[in-house]
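>>> Need coordinates for the below:
(one chain, ligands or ions: 1)
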Amino acid sequence: MTYLLEIRDLQVRYGGIAALRGLDLTLEAGETLMVTGPNGAGKSTLMKAIAGLVKPGAGRIDFDGHLVTGRAPETIAALGFSMVPEGRQAFGSMTVLENLRIGTGMRRDRLAVAADLEYVMELFPMLRDRAHVQAGLLSGGQQQMLVIARGLMAGPRLLAIDEPSLGLAPNVTDQVYEALMRLRRDRQLSLLIVEQSSTRAVMTGARMLMLREGRSVLEGDPRTLTADAMRQAYFGLEAV
Ligand SMILES: Nc1ncnc2c1ncn2[C@@H]1O[C@H](COP(=O)(O)OP(=O)(O)OP(=O)(O)O)[C@@H](O)[C@H]1O
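Model prediction:
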């Protein structure tokens, strides 16, 4: 089996702190994987390691048939990995349209870029309505939609999103997830989504990998995992 993303024994340290302690992960093309787990579990570090933003101390990351461990972020992005970081980092003084255009980076396929722009505006109609508004004036939910759309404008093979629901009202989070699920249906795009809680994994039915203290503690279809198993893995409790 060849995977779009295959991670083996990944270890990352920040000085004396071990953030990832031998993590294994696989993702098939077209699959959605939800990575969950409590504060400090290593979820953001995992994203950053794939993106080339932090350097692993050990282990390997293969993306789309290329060994990318420790390679430069722009090289990994050019291979088709697009990351939407935590905290909705839209360029506040630029318009919505400018934010989207900047997402296209080095893409030269103009027709495909135009088609993608049309697609993201259909996916998030608010982007069309507010195309010429400064991104900093958008609500939190609208900014989240904008940064996801900007990530899509890179034309990725794999879109990774760090905590899309962070700080959003549940109904706004619903809208964001409806768009992500539509994206999955329309384009069979591979998605790697980080969330602290497993709620959204259960709702989407995507395969879930739960991390705690830098290790994988639970993996599977969240609809068949029991609430007890999830709680025990999340809090690190022994089975009773
Ligand atoms: N730049 C850094 N310098 C030092 N330690 C860090 C740094 N970034 C993360 N850590 C530590 O590494 C561990 C994993 O952090 P990480 O942010 O990857 O976890 P997380 O699961 O994404 O948590 P959260 O849900 O709070 O974002 C934590 O102990 C954290 O304090």
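>>> tell me the mean pLDDT over the longest helix seen in the chain?
Using DSSP state H to define each element, the chain has its longest helix at helix 170-187. Averaged across helix 170-187, pLDDT comes to 94.
>>> Please apply the same query to stretch 78-96.
On average, stretch 78-96 scores 92.
>>> any idea how far that stretch is from the chain center?
11 Å (CA atoms, centre = their mean, to the nearest Å).
>>> Next SSE downstream of the longest helix of the chain?
Following helix 170-187 in sequence order, the next helix or strand is strand 190-194 (DSSP states H and E).
>>> Just the residues contacting that next one, thanks.
Outside strand 190-194, the residues that touch it by CB atoms under 8 Å, 6 or more residues apart in numbering are 4-5, 27-36, 43-44, 46-47, 50, 86, 157-164, 180, 183-184, 200, 206. Every C-beta, even on glycine, is put in place using the N, C-alpha and C of the backbone.
>>> Okay, buried residues for the following helix or strand past that strand please.
Note on strand 190-194: by DSSP H and E, the next helix or strand toward the C-terminus is helix 199-204. For helix 199-204, the neighbour count (16 or more other CB atoms under 10 Å) marks 200, 201, 202, 204 as buried.
>>> what's the closest of the residues you listed to residue 212?
Nearest to residue 212 among the buried residues of helix 199-204: residue 201, at 15.0 Å, using CB to CB.
>>> Could you measure from that closest one over to the ligand?
The spacing between residue 201 and the ligand, counted by CB to the nearest ligand atom, to the nearest Å, is 15 Å.
>>> give the contact list for residue 133.
Residue 133 sits next to 95, 96 when contact means CB under 8 Å, 6+ apart.
>>> Next one: it from residue 97, what distance?
9 Å (CB to CB, to the nearest Å).
>>> How about the residues of the chain by the ligand?
Residues of the chain lying near the ligand by CB under 6 Å from any ligand atom: 14, 17, 19, 37, 39, 40, 41, 42, 43, 44, 45, 196.
>>> can you tell me which of the contacts of strand 190-194 are in strands?
Cross-referencing the contacts of strand 190-194 against strands under DSSP state E gives 5, 27, 32, 33, 34, 35, 36, 158, 159, 160, 161, 162.
>>> Rebuild those as JSON lines, extending it with distance to residue 123 and pLDDT.
Formatted as JSON lines, those follow (distance: CB to CB, whole Å; pLDDT from 0 to 100):
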{"residue": "5", "distance to residue 123": "23", "pLDDT": "98"}
{"residue": "27", "distance to residue 123": "22", "pLDDT": "97"}
{"residue": "32", "distance to residue 123": "16", "pLDDT": "96"}
{"residue": "33", "distance to residue 123": "21", "pLDDT": "97"}
{"residue": "34", "distance to residue 123": "20", "pLDDT": "97"}
{"residue": "35", "distance to residue 123": "23", "pLDDT": "98"}
{"residue": "36", "distance to residue 123": "24", "pLDDT": "97"}
{"residue": "158", "distance to residue 123": "18", "pLDDT": "97"}
{"residue": "159", "distance to residue 123": "12", "pLDDT": "97"}
{"residue": "160", "distance to residue 123": "17", "pLDDT": "98"}
{"residue": "161", "distance to residue 123": "14", "pLDDT": "97"}
{"residue": "162", "distance to residue 123": "19", "pLDDT": "96"}
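>>> For residue 230, state which of those is nearest.
Closest approach to residue 230 among the ones in strands among the contacts of strand 190-194 (CB to CB): residue 36, at 8.6 Å.
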